[in-house]
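Asks: fold the following and give me the result.
(one chain, ligands or ions: 1)
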Amino acid sequence: MAANSSTVWQRGRVVELRDVAQNIRRVVIEPESPVRAAPGTHVDIAVVVNGERDVRSYSVVESDDGGTRLALSVFRTPASRGGSVFMHGLDEGDDVELTQPMQNFPLRVGAARYVILAGGIGVTAVLGMARVLARLGTDYRFVYAGRSREGMAYLDELSAEHGDRIEVHVDAEGTPLDVASLVGGLDPGTELYMCGPIRLMDAVRRAWQDAGLDLPNLRYETFGNSGWFDPEEFVVRIPRLGLEAVVPKHRSMLEALEAAGADLMFDCRKGECGLCEVDVMELTGDIDHRDVFYSERQQEASAKMCCCVSRVITAKSTPHPGAGRAIVSIEVS
Ligand code: FES
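Replies: Numbering: from 1, shown residues only. This next block holds a predicted model:
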């Protein structure tokens, strides 16, 4: 059961499609009941995966003042759970079901300095913030990291827009981002807004704590679909309910449990709110924690997990990882 009962759904029409990087397509939608989309907002879109209705969240990359045109950008991942395949299959003129813009990642105006940090497709969540900071004449840096230039959406536009305030790091060119030096060089009054893969955000969180910086000044948005390990099929059991479900690679544990008839609480579906928390009773394998809700210590304890994003894998220490299926028994409240 979703905790967010105030979500407003509406129809919208796809009016523009354009590839903006390798495997990244810009999708512009005109919603039926437009409202303003502030930087940091996202919309949920009803997608069809394996013939079933499902929901995916996408950041609003750009919008006009009235929110009559919402531009999203969708990365088609090799390990997609099916949402990005659906989105890449849309044609101009198609109708979609979407929510009004929702805000979980607001930009706070008034800080002494800002760093906007984007990793790969994470740029979609922070691009609008950087634009606002530039317009307000604030002291900001825009750090954009990716594996290759071909895979970095809007790179040319952003370089032209932000001039010497943008700093680009490209793994393939031998200029990867050095998180320790980025965070280590920040003044205490700096607010950092980031979005990117879980590895990058985890590294920044640790460096932030090591540097003794104020935690409220570190703000982030997640996608909830990138983990430390490749997804594997695994088995989840709820012994009290006599329920067992197989979680395929392309599905989340939450989705598999819902399909099996379990009634679970959730909200963000991105590993941020902790509402989908389950207790781990027994585990054959390891947990690939993909949330940003738990502390490092809580994740290491593996007594709980966020079932909307975290997965179970065959033990990292086995000589042949992937052999057999990992199994987790859980209890839900
Ligand atoms: S629903 Fe928010 S962390 Fe899972």
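Asks: okay, now the one residue in the stretch 51-200 of the chain that gets nearest to the ligand: neighbour count?
Replies: When scored by C-beta to the nearest ligand atom, the stretch 51-200 of the chain has Asn104 as its residue closest to the ligand, at 9.9 Å. In this view, the C-beta of every residue, glycine as well, is placed from N, C-alpha and C. The number of residues packed near Asn104 is 16, by other C-beta atoms under 10 Å.
Asks: how much space separates it from Gly271?
Replies: Note on Asn104: its distance to Gly271, by C-beta to C-beta, to the nearest Å, is 12 Å.
Asks: just give the closest residue to Met194, not the sequence neighbours.
Replies: Leu117 (3.8 Å; C-beta to C-beta, 6 or more residues apart in numbering).
Asks: helix or strand for that neighbour, which one?
Replies: According to DSSP states H and E, Leu117 maps onto strand 113-119.
Asks: for Pro101, what are its contacts?
Replies: Neighbouring residues of Pro101 by C-beta atoms under 8 Å, 6 or more residues apart in numbering: 35-38, 41-43, 60, 63, 67, 70.
Asks: just the ones of the residues you listed in strands?
Replies: 41-43, 63, 70 (DSSP state E).
Asks: picking that back up, neighbouring strands - and their directions - for the strand holding Leu117?
Replies: strand 140-146 (parallel), strand 190-195 (parallel) (DSSP bridges).
Asks: TSV for these, including distance to Phe266, mean neighbour count and mean pLDDT?
Replies: As requested, the strands paired with strand 113-119 are exported to TSV (distance: least, C-beta to C-beta, whole Å; neighbours: other C-beta atoms under 10 Å; pLDDT from 0 to 100):
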stretch	distance to Phe266	mean neighbour count	mean pLDDT
strand 140-146	30	24	98
strand 190-195	20	23	96
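Asks: okay, the ones you listed in TSV with distance to Asp19 next?
Replies: Below are the strands paired with strand 113-119 laid out as TSV (distance: least, C-beta to C-beta, whole Å):
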stretch	distance to Asp19
strand 140-146	16
strand 190-195	21
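Asks: show me the one of those that comes nearest Val292.
Replies: strand 190-195 (10.4 Å; C-beta to C-beta).
Asks: kindly export the closest one (C-alpha atoms) in CSV.
Replies: Presented in CSV, the C-alpha positions along strand 190-195 are these (Å, rounded to 0.1, in the frame of the first residue of the first chain):
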residue,chain,number,x,y,z
THR,A,190,29.0,24.7,1.3
GLU,A,191,25.8,22.8,0.4
LEU,A,192,26.3,19.9,-1.9
TYR,A,193,23.4,18.5,-4.0
MET,A,194,24.1,15.3,-5.8
CYS,A,195,22.6,12.6,-7.9
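Asks: on that earlier part again, from the middle of its chain, how far away would the strand holding Leu117 be?
Replies: The chain centre lies 16 Å from the centre of strand 113-119; the measure is C-alpha atoms, centre = their mean, to the nearest Å.
Asks: can you give the contact residues for that strand?
Replies: Strand 113-119 is contacted from outside by 125-127, 129-130, 133, 138-146, 177, 182, 186-187, 189-197, 200-201, 204, using C-beta under 8 Å, 6+ apart.
Asks: pretty sure Cys307 is one of the things Asp291 touches, is it not?
Replies: No - using C-beta atoms under 8 Å, Asp291 is not in contact with Cys307; the gap is 9.6 Å.
Asks: what sits against the closest residue to Asn23 other than its chain neighbours?
Replies: Computed as C-beta to C-beta, 6+ apart, the closest residue to Asn23 that is not its neighbour in sequence is Arg76, at 4.5 Å. Going by C-beta under 8 Å, 6+ apart, Arg76 touches 23-25, 84-85, 87-88.
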